[in-house]
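J.: here is my input; please provide its structure:
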Amino acid sequence: MTAPAANRTAIVHIGLNKTGSTTLQRWLQVNRAALRERGVWFDDLPPHGGPELSTAMGWSIFAASENPLWQPGPWQAQAYRIDDRADLDARVATFLDRVEASLPQADGLYVTSSEHIGTALRKPEQIARLHGWFAARFETVRYVVYIRDQADWVASAYVQAIRSGAAMGLDDFIAKQGRNDYHALARLWWETAGPDALIVRRLDPAALVQGDLIADFAAQLGVSPDGLQRPERQNESMTAFRLRLTRRVSQHLGPAMERLRLLPLQRQLYSTPLPNPLGLKKMRLSATQAARVRRMNLAGNEALRAALCPDETALFPSSAPTATARPLTPDEAAQHYGRHKAVVHIGMPKTGTGTIQAWLDSNRGALATQGFAFPAFDDLRGTGTRHQFAFALMAVHSCGTLAPDAHMRRLLGIATLQDQAALVETLCARLDAELAREAPTTFLISSEWLSAWLNTEERVRAFHAFLTTRFAEARYIVYLRDQVSWFPSAYAQQVKVGETATLDEFIARRPERDYLRVCNIWQRGTDRRLDIRLLERDFLTDGDLLADYAARIGARLDATRRIDPRNTAFSRRSVRLWRWINARAQKRGADDRVRRWRNLYARLPLARMGARLDLPPQTARQVARLNADKNAVLQQRYFPDRPYLFARAHQLLAETQAGSGATQDQVA
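T.: Modelled structure (predicted):
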């Protein structure tokens, strides 16, 4: 064994496969003599292919063979003629002797490269054996690894797998190989070989020296690439057509090729470059598949970014993650996102949802200092719908169904579940990026679409599962409003968007507001994590909606900026005016033109000047009576200490009973 030299250094390129390793190895080979003149020694072992071990496979086989029970895979066994442990030990011994003979005898830099080191060595004892060999011979040992955006890596690795005889489909390959945790890999090497031993380089034009792989690697060696030969690109991707054909051949002939010990020949044939005169497209992941892969790797990438380049916004600047696919498993969630909590406001219509959302939006900074986050989403494809619709869309997609609103689907370009999945994956990626970067935080979610779309226990349960894969705790808040006051407010809102029916006709369509059913399905679907609040002055904290909401989430209202109520109803006079205009515009087919003026009018104080719309006494008593039974059950089940659910409805029912009693006395 050669004794360590004080000024002798080893650079070991632990080239993960499909990260330009073959190109770097070819560059080292064609410039071997020129590099030695510059003080860089690259071994002169024969190239990969057998029967003797080359550095491409030798280092990983040497390190793995520390386990006396380890055996090489079928391809390695055939290529290197390893039939038993004696063959394995002989091959390893010969390999190490030849490496020793190629080491610089005096001061100098020794460099070796193998894509199988980073891929195959995933146990501390394997890395320790490799590092021990180098540390015994070199004063300084550094390991260089290049990492690649996993979506790009999967596409390239899948082609390589097909070249090697694999026959699985791309989606199956993603499920099996799509998660490539670079942070776990780096941490393993840092902990085993030392915190300064591993140099992580990103195969991204924005992160490479001169935006070039060879220039970057040369910089790690301390030499200039000027005057050295540049090899052609190695291991070009297959066309999609050839890939499908090769996979089909492997499905039918693969087992026979293995039995006949022809796997090396099969791989050589599959890897032979073929011309592409027709310009057929190379194999690429679809947008959905790429999003799925990035989603699978988001947490690990963010952890490595924080350790490696904390001042940058993404680990791979040129291909920052924009989409995602599958939910995290509970184990992944506990590891990466279990520190966060979520409070979900299920915004029933006309219950102050707009006011709550405006308060959240206006106080992001103030709430952040209190440990809250209100995640923002960009305008969804020009619809003007942001936070509230984003979470509703993620929620309904978690149930495996299309968004029920046909108008919104048209605006968003959603025709199929696949279309919806692509958008949802983007939204999930944005959410998960915030989850990965935030300190332990309570995330605040608010959407009135949740109450409209998640109308069964199964859908609520699916959404709850979606959240609990990301949050240590998810709880829910809903505000209920007395049906008697809800109907005129809801009717005025519908007039704002073109309603032509009278108030009585509007109520007759659905005179009952079944809060009992809503509360029951959300309580069961969330395992009783629903906090039911009543829009009643004697019930709300300080008799105020925002004060109550702040108290329920644990925020200090006095440290935030108050806002005026939002989306308040038209006055009685405005309702009459616009119902009349709506009816005539509809008859003349001019509703689209009128809509702009109606929206402008709704923003003016004039729209709310005058008396508010209210139900006539007889209609109010009818609404109170039709909703009385279920309200009573709701009150007994969830508010047993409260004498009634809604004060006005209780008063109307009492007046009705009193009037009925007086009439009976007169008849008697």
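
J.: mind listing the helices for the stretch 151-300 of the chain?
T.: Assigned helices in the stretch 151-300 of the chain, in chain order: 170-177, 182-193, 213-221, 240-259, 263-271, 287-308 (criterion: DSSP state H, counting those that start in this stretch).

J.: next, the angle helix 287-308 makes with the shortest one.
T.: Here helix 170-177 points in a direction 20 degrees away from that of helix 287-308 (axes from the mean of the first three to the mean of the last three CA atoms, to 10 degrees).

J.: one step back: most tightly packed of the helices of the stretch 151-300 of the chain?
T.: Per-stretch averages of neighbours, counted by mean count of other CB atoms under 10 Å, single out helix 287-308 among those, with a mean of 22. Using the backbone N, CA and C atoms, a C-beta is placed for each residue, glycine as well.

J.: tabulate the helices of the stretch 151-300 of the chain (a markdown table), appending mean pLDDT.
T.: Below are those laid out as a markdown table (pLDDT from 0 to 100):
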| stretch | mean pLDDT |
| --- | --- |
| helix 170-177 | 77 |
| helix 182-193 | 90 |
| helix 213-221 | 95 |
| helix 240-259 | 67 |
| helix 263-271 | 58 |
| helix 287-308 | 80 |
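
J.: relative to Phe391, which of these is closest?
T.: helix 287-308 (16.9 Å; CB to CB).

J.: how far does stretch 147-155 sit from the chain's center?
T.: 16 Å (CA atoms, centre = their mean, to the nearest Å).

J.: what helix or strand is Asp97 on?
T.: Using DSSP states H and E, Asp97 sits in helix 85-102.

J.: please export the C-alpha coordinates of that helix as CSV.
T.: Below are the C-alpha coordinates for helix 85-102, written out as CSV (Å, rounded to 0.1, in the frame of the first residue of the first chain):
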residue,chain,number,x,y,z
ARG,A,85,-17.5,-15.4,-3.8
ALA,A,86,-14.1,-16.6,-4.9
ASP,A,87,-14.5,-14.9,-8.3
LEU,A,88,-15.8,-11.8,-6.6
ASP,A,89,-12.8,-11.5,-4.2
ALA,A,90,-10.3,-12.2,-7.1
ARG,A,91,-11.9,-9.5,-9.3
VAL,A,92,-11.8,-7.0,-6.4
ALA,A,93,-8.2,-7.7,-5.5
THR,A,94,-7.0,-7.4,-9.1
PHE,A,95,-8.9,-4.1,-9.4
LEU,A,96,-7.3,-2.6,-6.3
ASP,A,97,-3.8,-3.6,-7.4
ARG,A,98,-4.3,-2.0,-10.8
VAL,A,99,-5.6,1.2,-9.2
GLU,A,100,-2.6,1.3,-6.8
ALA,A,101,-0.3,1.1,-9.8
SER,A,102,-2.0,4.1,-11.4
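
J.: chain center to it: distance?
T.: On CA atoms, centre = their mean, the centre of helix 85-102 falls 46 Å from that of its chain.

J.: for stretch 388-403, same thing?
T.: That offset, for stretch 388-403, works out to 14 Å (CA atoms, centre = their mean).

J.: list the buried ones in it?
T.: If you call a residue buried by 16 or more other CB atoms under 10 Å, then stretch 388-403 has these buried ones: 388-399, 402-403.

J.: now, these that are in helices?
T.: Those of those mapping onto helices are 388-398, per DSSP state H.

J.: please produce a markdown table containing the residues you listed, extended by distance to Glu512 and pLDDT.
T.: Listed next are those as a markdown table, based on distance: CB to CB, whole Å; pLDDT from 0 to 100:
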| residue | distance to Glu512 | pLDDT |
| --- | --- | --- |
| Gln388 | 26 | 71 |
| Phe389 | 27 | 78 |
| Ala390 | 31 | 81 |
| Phe391 | 28 | 83 |
| Ala392 | 24 | 82 |
| Leu393 | 28 | 84 |
| Met394 | 30 | 82 |
| Ala395 | 25 | 82 |
| Val396 | 24 | 83 |
| His397 | 30 | 82 |
| Ser398 | 29 | 75 |
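
J.: which of these sits closest to Leu423?
T.: So of these, ranked by how close each gets to Leu423 (CB to CB), first place is Leu393, at 6.8 Å.

J.: ok, the closest one - contacts?
T.: 380, 403, 420, 423-424, 427, 449 (CB atoms under 8 Å, 6 or more residues apart in numbering).

J.: just the ones of those residues in strands?
T.: Among the contacts of Leu393, no residue falls in strands (DSSP state E).

J.: okay if I get those as CSV plus pLDDT and distance to Ala314?
T.: Shown next, in CSV, are the contacts of Leu393 (pLDDT from 0 to 100; distance: CB to CB, whole Å):
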residue, pLDDT, distance to Ala314
Leu380, 58, 22
Ala403, 86, 29
Gln420, 84, 26
Leu423, 82, 21
Val424, 82, 21
Leu427, 80, 17
Trp449, 86, 30
